[in-house]
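Peer 1: Got a predicted structure plus its sequence, pasted below:
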2 protein chains.
Amino acid sequence: MSLRIALLGLLCGKGPASGYDLTKSFERSLNHVWQAGHTQIYPELVKMTSDGLVTVESEGARGRKIYSVTPEGRRVLHEWLVGHSPSLTVRSDTGLQAFLLPLLDRDEAIAVVQRIRDCHAERLAALDFQPRGVLGRYALALGVGQIRSVLEWADETIADLQRS
Amino acid sequence: MSLRIALLGLLCGKGPASGYDLTKSFERSLNHVWQAGHTQIYPELVKMTSDGLVTVESEGARGRKIYSVTPEGRRVLHEWLVGHSPSLTVRSDTGLQAFLLPLLDRDEAIAVVQRIRDCHAERLAALDFQPRGVLGRYALALGVGQIRSVLEWADETIADLQRS
DNA sequence: GACTGATATGTAAGTCGTTACATGTCAAAT
DNA sequence: ATTTGACATGTAACGACTTACATATCAGTC
């Protein structure tokens, strides 16, 4: 369900675009928040067309189809944005590793936390190079905060494990 | 892939258990980190049995089957814990809402962020009542940190929106 | 003129996860 | 005796997502 919201959001924010453009937009601006490849995007655009959320505005070279949002699409997007509550389901592989840390001996556990730390530090560095337009300002701040909090947890946890 | 890790982890940490027990364990101790219902757990245990990761130790009343971890299961769990790097794919509906905030007018945006804040405050309160055994200490700290960082972001964002 | 690489769009098979349906046991209370 | 509620296990259909495969255009260069 959220994939179509993301697509509607990009089309509303950046104007009409092709499936290819949207795939690139996902990679560039949205990928720290939601991910989808072209194999998911193309069929979804077709479904969204038959659901009346977008229309093919024009067909250009190389079979390129330019989609734009319909009033109904705008309505659906607005309704979701204003009405959606954070989903309760969480699936965090890092959280799972943290959960199971007590099954490891001290040095192994420290090494695991250290790697989690390194990976997140790398991601934080990558985020800073993210281009940002009208959209994405707030999401960037949220993402940075989330990653920083993992780094803090990692530092505290390593210190805690070293004391034991 | 991680579902079996979670199941192996619970079986290693808490000893042999039935599918039903594992389902309850998920609800009680693991649900802020990973989620799965019995409809996913029962078939997965069957697959894990045929893959040699767990065995049916005994069959009790009401067709209750007690699973325990095989040496191979222990090996697979250990390998994952020590070798797994955080996955790069992220899908956060809250992040998506944050990303698209600029599409809303000021007051709507503030209301959305306020609701995100409220939901996370509620989750934080729920986490404090989570029972914790040997496992889960570190995951709890991680979860609390994550949620706190959302609350901070929400406060800053609301202030920012109000200034505009 | 042939090759290469970026552009551009799609299908198919398989895995993972959700929702709805279906069944049966056992203990305790009424 | 029967009803209720917790215990206990499953299947089936569907939707979301991934990976691998397949194809074709166009611009630039060798």
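Peer 2: Here it is on my side, so go on.

Peer 1: Which residues are in contact with the closest residue to A:Phe26 other than its chain neighbours?
Peer 2: Nearest in space to A:Phe26, with sequence neighbours left out and distances taken as Cβ to Cβ, 6 or more residues apart in numbering or on different chains, is A:Ala36 at 5.6 Å. To be clear about C-beta, it is placed using only N, CA and C from the backbone, and glycine gets the same treatment. Contact analysis of A:Ala36 by Cβ atoms under 8 Å, 6 or more residues apart in numbering or on different chains lists A:3, A:6, A:23, A:26, A:44.

Peer 1: Helices of chain A, residue ranges please.
Peer 2: A:2-14, A:19-25, A:38-50, A:71-83, A:93-100, A:106-128, A:137-163 (DSSP state H).

Peer 1: okay, these, which one's buried deepest?
Peer 2: Most buried of those, by mean neighbour count (mean count of other Cβ atoms under 10 Å in any protein chain shown): helix A:93-100, with a mean of 25.

Peer 1: That one close to DNA strand C?
Peer 2: No: if you take Cβ under 7 Å from any atom of the strand as the test, helix A:93-100 misses DNA strand C, and the best it gets is 9.5 Å.

Peer 1: Show me what that helix packs onto, helices and strands only.
Peer 2: Packing contacts for helix A:93-100, counted by 3 or more Cβ pairs under 8 Å, 6 or more residues apart in numbering or on different chains; DSSP states H and E, involve helix A:106-128, helix A:137-163, helix B:2-14, helix B:71-83, helix B:137-163.

Peer 1: Okay, angle between the first one and helix A:93-100 too, please.
Peer 2: Read it as helix A:106-128. Going by axes from the mean of the first three to the mean of the last three Cα atoms, to 10 degrees, helix A:106-128 is angled at 160 degrees with respect to helix A:93-100.

Peer 1: just the third one next, same as before
Peer 2: Regarding helix B:2-14 and helix A:93-100, their directions subtend 10 degrees when assessed with the same axes, to 10 degrees.

Peer 1: Show the low-confidence segments of chain A, by residue range.
Peer 2: A:61-62, A:131-132 (pLDDT under 70).

Peer 1: Domain boundaries for it, per the record?
Peer 2: A:2-83, A:93-163 (automatic domain parsing).

Peer 1: ends of the longest one, how far apart?
Peer 2: Between the start and the finish of domain A:2-83 there is a gap of 13 Å, counting by Cα to Cα, to the nearest Å.

Peer 1: for the last one, same thing?
Peer 2: In terms of Cα to Cα, the two terminal residues of domain A:93-163 are separated by 26 Å.

Peer 1: Nearest spatial neighbour of A:Gln162, chain-adjacent residues omitted?
Peer 2: A:Ile110 (6.8 Å).

Peer 1: can I assume that neighbour is in contact with A:Asp160?
Peer 2: No: using Cβ atoms under 8 Å, A:Ile110 is not in contact with A:Asp160; the gap is 9.9 Å.

Peer 1: Around DNA strand C, pick out the residues from chain A.
Peer 2: A:18-21, A:23, A:38-39, A:42-43, A:45-46, A:61-65, A:89, A:91.

Peer 1: If we use 10 Å, what do you get?
Peer 2: By Cβ under 10 Å from any atom of the strand, the residues of chain A that approach DNA strand C are A:17-24, A:37-43, A:45-46, A:49, A:56, A:59-67, A:87-91, A:93.

Peer 1: now, which of the residues you listed lie close to DNA strand D?
Peer 2: Near DNA strand D, by the rule Cβ under 10 Å from any atom of the strand, you find A:37-43, A:60-64 out of the residues of chain A next to DNA strand C.

Peer 1: Need the max-distance pair from these.
Peer 2: A:Gln40 and A:Ala61 (24.1 Å; Cβ to Cβ).

Peer 1: Might one say that A:Phe99 is in contact with B:Phe26?
Peer 2: No: A:Phe99 is not in contact with B:Phe26 according to Cβ under 8 Å; the separation is 11.2 Å.

Peer 1: OK, contacts around whichever residue of chain A sits closest to DNA strand D?
Peer 2: At 3.3 Å from DNA strand D, A:Thr39 is the closest residue in chain A, using Cβ to the nearest atom of the strand. Applying Cβ under 8 Å, 6+ apart to A:Thr39 gives no contacts.

Peer 1: how far away is it from chain B?
Peer 2: Using Cβ to the nearest Cβ, to the nearest Å, A:Thr39 is found at 14 Å from chain B.

Peer 1: Could you export the domains of chain A as a markdown table, including distance to B:Leu127?
Peer 2: Output for these, formatted as a markdown table (distance: least, Cβ to Cβ, whole Å):
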| stretch | distance to B:Leu127 |
| --- | --- |
| domain A:2-83 | 23 |
| domain A:93-163 | 12 |
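
Peer 1: So which of those is nearest B:Gln130?
Peer 2: Among those, if distance is taken as Cβ to Cβ, the winner is domain A:93-163, at 11.4 Å.
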